[in-house]
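Trainee: Sequence first, predicted coordinates after that:
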Amino acid sequence: MSERRAAPASDRSAGVVVAAESLSFRHAGAAAPLFDGLNLAVRTGECVGIIGPNGSGKTTLVRLLAGLIPPAAGQVLLEGRPVAEIPPRERACILAAVLPEAPLLFNFSVLEVALMGRAPHLGTWGLERAADYEAARRALADVGLAGLEDRPIHDLSSGERQRAIIARALSQEPRLLLLDEPTAFLDLKHGIAVYEILARLRRERGLTVVVVSHDLHLAARHADRLVLLHHGRIAADGPPAEVLTPAHLCPVYETAVEVLRDPASGAPIVIPRAPGAAAG
């Protein structure tokens, strides 16, 4: 596994791709808002990891950034424009999202699933062209499914299906990729591979990535920034080494932790401790 790479200085000083401005949101029936004036900006080429315990607002934030749900107040800007004002087809050429969703009802082939991501690029008649097949096959190769394009999606393992869904998003050729727990169903090898793919696409194509993760080690190793959410507010925002500290994590996760350093990359490693356990 390669060392985490920070975005070049030119990328960090570039424009904001997506931003939440004074964002407020309340779930139906909730006594209080989840977000109340939240602000967040993600710059070109960044990989921002969204972390926090269950119920902290990670998935809701990603859905708001994607324009899938409207805020109660404030706005989301996508490349400087209110996301709600961008037509869905145009928005899908800018961003792609990999979110927890219902399984595919029909037994499409793996290639057909990847081709679904080409929908916003199709012409008037909605027919795939050679360039669309090329993009879909490139995305399948990116996630290690090049040899399975004729396989029915229902015949794949859960991890392979997850990689096919990621390929569908990559085939959109977006400038911004939003992912909610993309490695949840993947084994260690393929989980690492997903982050390596994202790192390569950032280097080669300037892709901007926002990823929700419960795996603090993977997020720390590959993200430039971590945003720690706690009950809908940002408890910490900065480089992984500054966010993943006992002072930040213990009150948010309500558990004792020890933070070590990965000897290969220097990335923080968070180790939960049972109550009363001595640190190693």
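Mentor: Cool, got the structure. Residues are numbered from 1 along each chain as shown.

Trainee: mind listing the helices for the stretch 1-150 of the chain?
Mentor: Counting by DSSP state H, counting those that start in this stretch, the stretch 1-150 of the chain has these helices, from start to end: 9-12, 58-65, 88-94, 110-116, 130-142.

Trainee: deepest of these, which one?
Mentor: helix 110-116 (a mean of 23; mean count of other Cβ atoms under 10 Å). Where C-beta positions appear, they are placed from N, C-alpha and C, glycine not excepted.

Trainee: For that one, what is the distance to the chain centroid?
Mentor: What separates the centre of helix 110-116 from the centre of its chain is 20 Å, taken as Cα atoms, centre = their mean, to the nearest Å.

Trainee: Point out where the stretch 1-150 of the chain drops to low pLDDT.
Mentor: Low-confidence regions of the stretch 1-150 of the chain, defined here as pLDDT under 70, cover residues 1-14, 102-103, 105.

Trainee: Kindly recompute the last result at 50.
Mentor: Counting by pLDDT under 50, the stretch 1-150 of the chain contains low-confidence residues at 1-13.

Trainee: returning to what we had before: would you list the helices of the stretch 1-150 of the chain in a markdown table and tack on distance to residue 34?
Mentor: Conversion of the helices of the stretch 1-150 of the chain to a markdown table gives the following (distance: least, Cβ to Cβ, whole Å):
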| stretch | distance to residue 34 |
| --- | --- |
| helix 9-12 | 29 |
| helix 58-65 | 6 |
| helix 88-94 | 23 |
| helix 110-116 | 31 |
| helix 130-142 | 33 |
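
Trainee: of all the ones you listed, which lies closest to residue 274?
Mentor: The closest of the helices of the stretch 1-150 of the chain to residue 274 is helix 58-65. By Cβ to Cβ, the value is 25.4 Å.

Trainee: which residues are contacting the closest one?
Mentor: Contacts made with helix 58-65 from outside it, assessed by Cβ atoms under 8 Å, 6 or more residues apart in numbering, are listed as 18, 20, 23, 25, 27, 34-35, 38, 40, 50-52, 69, 71, 76, 83, 97, 99-100, 178-180, 210, 212, 229.

Trainee: Go again with 7 Å.
Mentor: Around helix 58-65, the neighbours that count as contacts under Cβ atoms under 7 Å, 6 or more residues apart in numbering are 18, 20, 23, 25, 34, 50, 52, 69, 71, 76, 99, 178, 180, 210, 212, 229.

Trainee: How about stretch 211-222?
Mentor: Stretch 211-222 is contacted from outside by 4, 47, 49-51, 58-59, 62, 179-183, 191, 195, 199, 226, 240, 244, 262, 265, 267-270, using Cβ under 7 Å, 6+ apart.

Trainee: Rounded mean pLDDT for it, please.
Mentor: The pLDDT scores in stretch 211-222 average 92.

Trainee: Ends of that stretch, what's the gap?
Mentor: The distance separating the two terminal residues of stretch 211-222, taken as Cα to Cα, to the nearest Å, comes to 10 Å.

Trainee: Sort out which residues of that stretch are buried, please.
Mentor: By neighbour count on 16 or more other Cβ atoms under 10 Å, the buried set for stretch 211-222 is 211, 212, 213, 215, 216, 217, 218, 219, 220, 221, 222.
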